[in-house]
Structures are given as C-alpha cells and as structure tokens.
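S.K.: Okay, sequence plus prediction incoming.
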Amino acid sequence: MPNQDNWKLYYEKTSGKPPRETLTRALERLKNEKIVGRAFDIGSGACNDVKFLLAQGWRVIAVDNEPKAQAYFENDYSENPSASFQLSAFQDIKWEAVELVHTAFTLAFCPKEYFQQLMQNIKATIKKNGRFAGNFFGTEHTWNDLLLLSADEVKALFQDFEIEFFEESRLNKKSAFDEEIFHHNISIVAKKK
C-alpha cells in the first residue's frame, strides 16, 4: 500500500511508461471529432500522460498532491507555456473549463468525505462533448482502506454521460510498490452530453 515514504519508488518505477489506455482511447475519439484543447491530468505522478498530451497538441493542467510529482513536472515542463502544475489536494483544485479530465487510479486516494464533491467538480468542468478518462479500484482490490467502488457505482457516477468504453478486470500481479496484490480495476471513458 502506498504511503508518503514510497511515492519516490512509485515515480521511479513508472517514469517513462506509455500513456494509459483510457487516455489514448479518449484522445482517439476527441481527435475524430476534431477536438483538441485543455486537459486536467489529476494525479500526474511522473508526468508520462502529461508528456503524451503535450505531444498531441493539448494544453495540460497537471495536478498532484506530492511535491515529488511537482519536481518531475518542473524538471521537464516548467518552461512549457502549454503546461501548468497545481500542487493540490483533491478538495483544493482550482477548476477551469476543459475538454478532458484524466485520472489514472488517482481517485481511490481521495478522502471519502470529499469524493462526491470532487466528482461533481470534475463533471462540471468538462465542456460539452468533452471526455472523462480514468481508472478506479473495484471493491475486491487488496488495498481496501482506499475508496473502492463497484462497477455499478462507477457507471452511476456517469449516468448523465455517454459511456464509450468500460472495462472491469481482476488479476494478481505486483504493484508498482513491489508487492503482490489482487487488482480489481475499473476503466472508463465517458463523453459529456
């Protein structure tokens, strides 16, 4: 289970990885609709997805609560006018209207008391025809002290969106923190109507 002491390990292990599948799927759909604009990458970590978004012509607002993530951002993107960074907890994000919100397994770390407001903010900040692309931990995930959701609960969060991609997976494998765990993952891409 991640804690303050091993985020450095996580960033080292994940740095340079390809973009998340949910992100590539969302960008493919947006590109087909000739939509390129601004994106929030919430939980930007080692900035792999920030890099991918910038390469596709997007302007990116990277958000993370970890100073180590800010260091990754500043190392590569502090001079890039198309990128900005917010060192912020979920409840303190400064929202702006965007065409895309991307979260890769980040929302499970949101304190439960802030989650509903966070989801309202995420959905409100996405412009019409924009996308949400993200991953949630399902109820069977090993890290049961995080915010875990069922497939039905994730679908209900996006009942006012058009769900374009939805996948639920279960597998045993090592986490980026080098521990063997049971992964119950839910991935979604949804279009704001």
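M.R.: That came through, no problem.
S.K.: who's in contact with I181?
M.R.: H141, T142, W143, N172, K173, K174, S175 (Cβ atoms under 8 Å, 6 or more residues apart in numbering). Bear in mind the C-beta positions are built from the backbone N, C-alpha and C, glycine included.
S.K.: Outside of the lengthiest helix in the chain itself, which residues are in contact with it?
M.R.: Using DSSP state H to assign secondary structure, the helix with the most residues in the chain is helix 112-125. Judged by Cβ under 8 Å, 6+ apart, the contacts made with helix 112-125 from elsewhere in the structure are 40, 42, 90-91, 93, 95-98, 101, 103, 107, 110, 132, 147, 157-158, 160-161, 192.
S.K.: Distance from it to the middle of the chain?
M.R.: Per Cα atoms, centre = their mean, to the nearest Å, the displacement of helix 112-125 from the mean C-alpha position of its chain is 13 Å.
S.K.: Ok, stretch 25-36 next?
M.R.: Here the centre of stretch 25-36 is set off from its chain's centre by 17 Å, with Cα atoms, centre = their mean.
S.K.: Now that stretch: buried residues?
M.R.: R25, A26, L27, R29, L30, V36 (16 or more other Cβ atoms under 10 Å).
S.K.: Helices of this protein, residue ranges please.
M.R.: 7-14, 21-32, 48-55, 67-77, 112-125, 151-157.
S.K.: What's the local residue count around N172?
M.R.: Burial measure for N172: 9 neighbouring residues, criterion other Cβ atoms under 10 Å.
S.K.: Give the closest residue to it in space, chain neighbours not counted.
M.R.: When the adjacent residues along the chain are set aside, N172 lies closest to F182, with 5.5 Å between them (Cβ to Cβ, 6 or more residues apart in numbering).
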